[in-house]
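Chemist: After the sequence you'll find the predicted model.
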Amino acid sequence: MNLKEQERRKKLMQSQAERMPAIKKRFEEQQKAASTAEIKTVETGAAVIFEEAQKRHFNSNFKPGGKDAKLVSRASSKTGTKKAQAGSATRAQAATKPRASQTATSGTKTTKAKVAKAPINLAVSTRKGDMVHHQKMLSQDVNAQASQHIIGVPVNKSRYNGYNGTQVTKSQLNSARTDKDSVLIIPIGGTGEFGIGKNMTIIQYKNDAIVIDMGVLFAGDDYPGVNYMIPDIKYLEDNMNKVKAVCFTHAHLDHIGACRHILPKIPTTVPIYGTDFTLGMIKKQMSELTDEPDLNYITVDPLKHEILKCGELSVEFIHTLHSIPGNCAIVVRTPNGVIYVSGDWRAEANPMGVQTDYERIDEIVKNEGITLMLNESTNIDSPGHHPHSEFDVGESLGAVMDHYASGRIIVSCFSSQVSRIGMVLEEAAKRGRKVAFAGYSMINNVEVALRTREIKVPKDTIMKMEDIIKLPDDRVTIVCTGSQGEMNAVLNRMVSGAHKYVKVKSTDTIVFSSNPIPGNEPHVVNTVDGLLREGAQVIQNGKTHMTNIGPLHLSGHAYYEDHVDFVTRLKPLNYMPYHGEFYMMEHNAEMAENVIGIPRERIIIADDGDVVELTKDHKIKKTGRVHVGNRLYDDADMPVHEAVVKDRIHISREGIFVLVLTLNKKTGRLLKTPDIVSRAFIYLDNSEELIGKIRHYLRLKTDKNTYSDSDVKTLKEEIKEDVTRILYDATGHTPIVIPVINKV
């Protein structure tokens with residue numbers, strides 16, 4: 001400890017010693033006045049308000065000689081009358097005390113006398129009701145923030161809600177009974193969420209059920225300490241014996257991210273269907289488990305049009321386009337008709353790989369018809385068609401390498417954009433550049449893509465990160481994660497200098513080959529600011545007017561007119577938007593009714609947990625709900641309880657205040673000055689008077705009252721309530737107060 005710190009602490013202790021006698025004296029006077037005062041009756045009305053105003057000196061007009069002095073004197077006279085009445089009542093009660101005391105004395109021969117717990121004057125100016133109101137409002141805010149994804153009976157008064165726009169009631173749900181001959185479509189996650197993700201749907205007929213996807217939803221800032229959430233699968237666990245197959249549409253985390261938590265609960269005999277790349281990504285995820293289960297993975301080639309029997313149901317995978325290899329829609333054939341589950345998809349006139357299997361889709365529509373279409377809703381608000389293709393993005397990446405040829409090129413994109421990564425490799429190889437990959441998910445995805453032959457690598461192009469940094473800057477290209485501004489992603493670590501091999505410098509060019517996911521815009525802006533402060537050149541998609549560089553990203557989801565064309569092509573008899581936030585599904589339903597011409601009664605917007613029936617006569621309706629919700633997990637993949645999230649939110653807003661009392665086991669009195677810990681609330685060195693007030697209260701509380709071991713809980717509750725009130729009176733906040741009592 002240096003001399004300055006020693007001097008500062010010495011002055012602080014001297015100041016505290018000088019002020020403590022005055023604080024103690026003030027409290028003793030208040031306690032003495034409270035103990036000798038006559039018992040007051042509860043008073044209300046104007047007289048009391050004026051008297052209190054005079055005591056607090058809110059207005060000098062109430063002082064003698066002021067313009068409102070008469071009102072004060074009038075109030076005082078009324079108060080005096082009430083006090084006289086109260087005094088006579090007190091004397092009458094005192095007359096009966098000797099007899100009562102005799103009775104108490106005789107009682108001690110058989111039982112222990114209980115010491116009366118006298119109330120302590122807290123010397124606060126705010127009413128207890130104000131504090132209670134503040135706590136109630138805070139609790140409502142915390143519950144709303146922590147429970148926005150916990151679904152009971154969600155509000156859904158959409159005209160497509162299945163009840164003609166009327167909110168369904170609990171009594172309706174309790175009385176609902178499903179038809180035993182109906183096919184049930186039950187979204188467990190992914191419909192109407194506050195965010196895109198957590199996709200999971202069960203399609204069930206009698207004792208046969210198939211599960212489609214098991215996704216995660218990444219938590220936002222509203223969930224402190226929570227990394228992601230997965231669906232609550234209680235309904236699936238209760239009906240596990242009915243599961244005949246698990247099918248995956250593609251390998252994005254919002255469709256496979258929950259596999260490590262859910263697949264181990266699936267019987268090992270149940271087939272798990274997916275394309276080669278999708279299953280490769282799932283196996284990679286499962287290999288990270290300590291005890292990896294031996295699951296029944298079955299690879300599907302969607303271009304072979306194989307029909308897979310699942311009890312009385314059957315499934316067929318249909319190849320469709322998306323921003324990841326191995327993407328499929330799933331056709332589910334049931335006794336009540338054909339259900340088309342779109343998964344994620346986009347339309348391209350000139351795709352890099354194999355075009356969507358429109359021939360097979362047209363064949364199914366012509367020969368069987370689509371009884372029900374579940375269509376994703378993610379980009380329904382984007383007008384028109386996709387304006388460009390992945391080939392255009394590749395040309396733009398090459399243009400960046402030509403224009404900024406003398407420095408390092410760092411391309412940040414989604415790790416699942418395998419075709420985009422392949423184009424970076426091709427454009428770099430043409431210009432004699434080497435490519436290194438950075439980021440755990442980026443390296444994993446490239447490994448799986450190489451293993452499943454979904455990416456072609458030019459000869460002698462890829463290098464390790466530790467080797468590529470030895471090359472001249474004009475030969476270095478790095479592909480990394482962090483395009484969404486994630487704090488711990490590689491790109492941000494390169495900016496801050498925390499990355500092991502790379503620190504961004506002024507000659508670097510950083511390319512954002514992505515668009516910000518809704519809600520991530522502020523994080524992306526912060527990352528861009530950091531890059532620009534380092535002097536680097538930043539190229540973002542959609543900034544052609546500033547950079548003269550063409551498109552750098554292509555969305556993986558269909559635009560509005562793409563939806564119109566595709567739904568028209570499928571001619572579904574019934575329509576159910578899914579995979580999206582509520583407003584997206586509403587707009588999707590409006591498109592189906594107003595543009596396609598599907599009757600309103602054949603369109604349903606469902607929430608997670610709704611049971612949608614497809615009847616034998618090819619109609620759809622809602623009949624009840626099943627249990628749904630969320631399981632929360634942190635960065636270490638450990639579960640986080642909802643109550644913990646609520647406490648974190650409360651602490652982030654109000655702070656935490658810990659009181660440590662060491663009491664004599666026999667006398668119940670303090671053995672030493674109580675220790676006080678404040679976190680995220682007040683700085684103790686700047687709040688000496690308040691801390692002194694609380695310590696003095698604690699001493700009085702333990703001196704005046706004796707508590708047995710069984711009463712410690714009561715003592716804690718009283719201290720918690722009283723200290724909370726003192727703190728609210730002083731600061732206007734109600735932190736979490738935790739009394740800790742040790743008896744020695």
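Modeler: Thanks, I have the structure now. Numbering: from 1, shown residues only.
Chemist: Okay, domains of the chain per the record?
Modeler: Per the record, the chain has its domains at 3-37+114-139+644-743, 170-384+557-628, 397-547, by automatic domain parsing.
Chemist: Make JSON lines out of those domains and add distance to residue 148, mean pLDDT and mean neighbour count.
Modeler: No exception for glycine: its C-beta is placed from N, CA and C like everyone else's. Shown next, in JSON lines, are the domains of the chain (distance: least, Cβ to Cβ, whole Å; pLDDT from 0 to 100; neighbours: other Cβ atoms under 10 Å):
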{"stretch": "domain 3-37+114-139+644-743", "distance to residue 148": "11", "mean pLDDT": "83", "mean neighbour count": "15"}
{"stretch": "domain 170-384+557-628", "distance to residue 148": "5", "mean pLDDT": "95", "mean neighbour count": "19"}
{"stretch": "domain 397-547", "distance to residue 148": "13", "mean pLDDT": "94", "mean neighbour count": "18"}
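Chemist: Make TSV from the ones you listed and add distance to residue 146 to it.
Modeler: Putting the domains of the chain into TSV (distance: least, Cβ to Cβ, whole Å) gives the following:
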stretch	distance to residue 146
domain 3-37+114-139+644-743	5
domain 170-384+557-628	7
domain 397-547	18
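Chemist: Out of those domains, the one nearest residue 152 is which?
Modeler: Residue 152 sits nearest to domain 170-384+557-628 of all the domains of the chain, at 8.9 Å, using Cβ to Cβ.
Chemist: all helices of the stretch 401-550 of the chain, in order?
Modeler: Residue ranges of the helices in the stretch 401-550 of the chain, as given by DSSP state H, counting those that start in this stretch, are 418-430, 440-451, 465-468, 490-496, 521-533, 544-547.
Chemist: Phi, psi for residue 604 please.
Modeler: Main-chain torsions, residue 604, degrees, to the nearest 10: phi -130, psi 130.
Chemist: Then residue 596?
Modeler: Here is the backbone geometry of residue 596 (degrees, to the nearest 10): phi -80, psi -30.
Chemist: Next: the one 3 residues further on.
Modeler: Backbone torsions for residue 599, taken as degrees, to the nearest 10, come to phi -60, psi 140.
Chemist: Report the separation between it and residue 573.
Modeler: From residue 599 over to residue 573 the distance is 10 Å, taken as Cβ to Cβ, to the nearest Å.
Chemist: and the helices of the stretch 401-550 of the chain as TSV, adding distance to residue 618?
Modeler: Listed next are the helices of the stretch 401-550 of the chain as TSV, based on distance: least, Cβ to Cβ, whole Å:
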stretch	distance to residue 618
helix 418-430	39
helix 440-451	41
helix 465-468	57
helix 490-496	51
helix 521-533	44
helix 544-547	49
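Chemist: To residue 163, which of these lies closest?
Modeler: That would be helix 521-533 among the helices of the stretch 401-550 of the chain, by Cβ to Cβ, at 36.3 Å.
Chemist: quick one, the host helix or strand of residue 398 and helix 418-430 angle?
Modeler: In this assignment (DSSP states H and E), residue 398 forms part of helix 390-403. For helix 390-403 against helix 418-430, the angle by axes from the mean of the first three to the mean of the last three Cα atoms, to 10 degrees is 40 degrees.
Chemist: CA atoms of helix 390-403 as PDB?
Modeler: Listed next in PDB are the C-alpha coordinates belonging to helix 390-403 (Å, rounded to 0.1, in the frame of the first residue of the first chain):
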ATOM      1  CA  GLU A 390     -24.400 -16.000 -54.900                       C
ATOM      2  CA  PHE A 391     -22.300 -15.600 -58.100                       C
ATOM      3  CA  ASP A 392     -22.700 -11.800 -57.800                       C
ATOM      4  CA  VAL A 393     -21.500 -12.000 -54.200                       C
ATOM      5  CA  GLY A 394     -18.400 -13.900 -55.400                       C
ATOM      6  CA  GLU A 395     -17.600 -11.200 -58.000                       C
ATOM      7  CA  SER A 396     -17.900  -8.500 -55.300                       C
ATOM      8  CA  LEU A 397     -15.400 -10.400 -53.100                       C
ATOM      9  CA  GLY A 398     -13.000 -10.600 -56.000                       C
ATOM     10  CA  ALA A 399     -13.400  -6.800 -56.600                       C
ATOM     11  CA  VAL A 400     -12.500  -6.100 -53.000                       C
ATOM     12  CA  MET A 401      -9.300  -8.200 -53.300                       C
ATOM     13  CA  ASP A 402      -8.400  -6.300 -56.500                       C
ATOM     14  CA  HIS A 403      -9.100  -2.800 -55.100                       C
END
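Chemist: Give the other helices and strands that it contacts.
Modeler: Helices and strands touching helix 390-403, by 3 or more Cβ pairs under 8 Å, 6 or more residues apart in numbering; DSSP states H and E, are strand 409-412, helix 418-430, strand 509-512.
Chemist: Name the residues that touch that helix?
Modeler: For helix 390-403, contacts defined as Cβ atoms under 8 Å, 6 or more residues apart in numbering pick out 348, 350-352, 409, 411, 419-420, 423-424, 426-428, 430-431, 433, 477, 509, 511, 513, 539, 549-554.
Chemist: what about 7 Å?
Modeler: Defining contact as Cβ atoms under 7 Å, 6 or more residues apart in numbering, one finds that helix 390-403 is touched by 350, 352, 409, 411, 419-420, 423-424, 427-428, 431, 433, 509, 511, 539, 549-554.
Chemist: for stretch 466-473, same thing?
Modeler: Under Cβ under 7 Å, 6+ apart, the answer for stretch 466-473 is 406-408, 434, 436, 476, 501-502, 507.
Chemist: what do you get if the cut-off is 10 Å, keeping everything else the same?
Modeler: Stretch 466-473 has contacts (Cβ atoms under 10 Å, 6 or more residues apart in numbering) with 405-409, 433-438, 462-463, 475-478, 500-503, 505, 507-508.
Chemist: likewise stretch 675-683?
Modeler: If you take Cβ under 10 Å, 6+ apart as the criterion, stretch 675-683 is touched by 651-662, 684, 687, 690-691, 694-695, 698, 723, 727, 730-731, 733-738, 740.
Chemist: Narrow those residues to those in strands?
Modeler: Mapping the contacts of stretch 675-683 onto strands (DSSP state E) picks out 656-662, 736-738, 740.
Chemist: Let me see the ranges of the strands in the stretch 551-700 of the chain.
Modeler: Here the stretch 551-700 of the chain has its strands, by DSSP state E, counting those that start in this stretch, at 574-578, 610-614, 620-625, 630-633, 639-640, 656-663, 675-679.
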